[in-house]
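# task: produce atomic coordinates for the following.
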Amino acid sequence: MSKKYKVIMIMLVILSLASITFGLSNVQKVEAYLTDIKVYSDDKLLNLVDGDGNVIKPLVYNGVSYLPVKTVAETFDKNVSWDGETRSIYLGKHESIKPITFLNHLDVLYKSAYIKIEISKDIVSNLGVSYNGSIRNSYYRKNEMEYFLDDSYSKLEGTVILTESSKNNSYDSEAVEIWGDEKLLFKSPVMTKGSLPVDFNIDLAGVSKLKIIFYNNSSALVDLGLYQ
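Down below sits the predicted model:
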């Protein structure tokens, strides 16, 4: 026998999406039933649980069964993202206009000890512009690092800058290369005295492993937004 609960249901089946807090606008209070309905996929019983391992029970309202979007999506290996400004849920890949995270916020698969990753500390370019957060090489010789992206992002946008401490460099040298699954995705121009920042936009579709190679310590990567 199902138990009767009064619940706040978000229309468009946005029930219980983890990590989202809704205001009281555009909601409707209804009576629904928490049931013991089992859900199968290709004759296989689904283990419906939330992020903490708690069992999820379907709700029935007006003869229709409802499940949390996040729970169902993750059952079928779909990413779920929330856009608070438009109050929209996206399943699977989504071409967002804002980055969902930043590369320097992710855990590193491997990096040389000379690679420095800053999340909130400012770095200043040769033009005197401050950037919040960066990835850079602190040694004058080649060093590299790797991230495991697991095909989770559609693109990487960022900027290569010449650092303030290197603004008087007079030698020409390669700066940075970015590789995806052993394929060269981006190679910066030579960064030397007077060089302007270089913006880049890299297609990450299908990329599992991202490698960054620094050839000297005169440049840094900043504003490294990752998009779904």
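
# going forward, measure contacts between C-alpha atoms and count neighbours the same way
Will do.

# which stretches of the protein have low pLDDT?
For the chain, the stretches flagged by pLDDT under 70 are 1-26, 51, 82-86, 93-96, 170-174.

# burial measure for Lys121, as a count.
Neighbour count of Lys121, defined by other C-alpha atoms under 10 Å: 11.

# list phi and psi for it.
Main-chain dihedrals, Lys121, degrees, to the nearest 10: phi -80, psi 140.

# name the SS class of the closest residue in space to it that isn't next to it in sequence, please.
By the measure of C-alpha to C-alpha, 6 or more residues apart in numbering, the closest residue to Lys121 outside its immediate chain neighbours is Gly133, 5.4 Å from it. Secondary structure of Gly133, reduced to three states by DSSP: H, G, I helix; E, B strand; the rest coil: strand.

# surely Gly133 meets Lys116?
No. The pair formed by Gly133 and Lys116 falls short of the contact definition of C-alpha atoms under 8 Å, at 10.3 Å.

# now the helices for this structure?
Listed from the start of the chain, the chain has helices (DSSP state H) covering 69-75.

# domain assignment for it?
Here the domain parsing of the chain from automatic domain parsing is 3-91, 101-227.

# of Gly133 and Lys116, who's got more company?
Shown here are Gly133 and Lys116; by other C-alpha under 10 Å, Gly133 has more neighbours (20 against 15).

# so what touches stretch 116-123?
Stretch 116-123 has contacts (C-alpha atoms under 8 Å, 6 or more residues apart in numbering) with Asn104, His105, Ser130, Tyr131, Asn132, Gly133, Ser134, Ile135, Arg136, Asn137, Ser138, Thr163.

# burial count for the closest residue to Leu224 other than its chain neighbours?
In this structure, Leu224 finds its nearest non-sequential neighbour in Gly158, 4.4 Å apart by C-alpha to C-alpha, 6+ apart. One way to gauge burial is a neighbour count; for Gly158, by other C-alpha under 10 Å, it gives 18.

# also the one 10 residues further on?
The number of residues packed near Asn168 is 14, by other C-alpha under 10 Å.

# and it, what is it in contact with?
Taking C-alpha under 8 Å, 6+ apart as the contact definition, Asn168 lies against Thr192, Lys193, Gly194.

# could you do Ser152 as well?
Ser208, Gln228.

# ramachandran coordinates for it?
phi -100, psi -10.

# buried sites along stretch 195-208?
If you call a residue buried by 16 or more other C-alpha atoms under 10 Å, then stretch 195-208 has these buried ones: Pro197, Ile202, Leu204, Val207.

# got it, and stretch 39-57?
Within stretch 39-57, the residues scored as buried using 16+ other C-alpha under 10 Å are Leu48, Asp50, Ile56, Lys57.
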